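Participant: This is a predicted model, with the sequence first.
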Amino acid sequence: MTASYIALGSNLQHPAGQLRRAVAALAVFPDSHLVRVSGVYRSKAVGPGKQPDYLNAVALLETRLVPEALLERLQQQELDQGRTRGVRWGARTLDLDILLYGDLQRKSPNLTIPHPAMAERNFVLYPLAELCEPNFVLPDGTELDTLVRDCPLGDLSRTGLQLHHNGPE
């Protein structure tokens, strides 16, 4: 099994419920085991126009799915939860991104691992750091603690919301 870190975000149609549904879906992905989910963070939208705030979290999923199959499952879950792809960085019911997939470094037309913008996104780094051991090192040799330290918290705030799953531990 490969440790995969998945970013979850939503700012439409009851975001907390969208994230809970996504976590429930991750818990039953084939050939996978949902290990843990970070706390939930509220962030300002990054994108065009006035949008509602986002709720964000990160999940640790152990999986035997190859990255492309995992991406396909994640994108299907987005569609199942009402995601429409229109405006880049627009509001959405659900956004699921592969942040890390073991030590893999890959760039293809459909998938870049590690996620290319995660180092600049506080709403990804802070919940990711909750799930990782101290001194966690990314595939390129960068320490996660360094990225977190260099990425201001800004308007990011941790909510009291927890996303639990009922899958086997």
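Facilitator: Thanks, I have it.
Participant: now the residue nearest to the spatial centre of the chain, what's its secondary structure?
Facilitator: The centroid of the chain falls nearest to A7 when counting by Cα atoms, centre = their mean (0.2 Å). Following DSSP: H, G, I helix; E, B strand; the rest coil, the label given to A7 is strand.
Participant: Okay, buried residues for stretch 44-60 please.
Facilitator: Neighbour-count burial for stretch 44-60, counted by 16 or more other Cβ atoms under 10 Å, picks out 45, 51, 54-60. (Each C-beta comes from the backbone N, C-alpha and C, glycine too.)
Participant: biggest separation within the residues you listed, which pair?
Facilitator: Q51 and L60 (27.7 Å; Cβ to Cβ).
Participant: can you tell me which residues contact the residue nearest to the centre of the chain?
Facilitator: 56-58, 95-97, 99, 115, 118, 124, 127-128 (Cβ atoms under 8 Å, 6 or more residues apart in numbering).
Participant: do the same with P114
Facilitator: 99-100, 105, 138-140.
Participant: can you redo these as TSV with distance to L71?
Facilitator: Converted to TSV, the contacts of P114 look like this (distance: Cβ to Cβ, whole Å):
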residue	distance to L71
L99	12
L100	13
Q105	16
L138	19
P139	17
D140	20
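Participant: Could I get the average pLDDT for stretch 62-72?
Facilitator: Stretch 62-72 comes out with an average pLDDT of 97.
Participant: send the alpha carbons of that stretch over as CSV?
Facilitator: Taking Å, rounded to 0.1, in the frame of the first residue of the first chain, the C-alpha atoms of stretch 62-72 are listed here in CSV:
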residue,chain,number,x,y,z
GLU,A,62,-3.2,4.0,2.0
THR,A,63,-3.9,2.5,-1.4
ARG,A,64,-3.0,-0.1,-4.0
LEU,A,65,-4.6,2.0,-6.7
VAL,A,66,-2.1,3.4,-9.2
PRO,A,67,-2.1,7.2,-9.3
GLU,A,68,-4.2,7.5,-12.5
ALA,A,69,-6.8,5.1,-11.1
LEU,A,70,-6.9,7.0,-7.8
LEU,A,71,-7.3,10.3,-9.8
GLU,A,72,-10.2,8.8,-11.8
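Participant: Is P52 part of a helix or strand, or is it coil?
Facilitator: Three-state call for P52 (three-state DSSP): coil.
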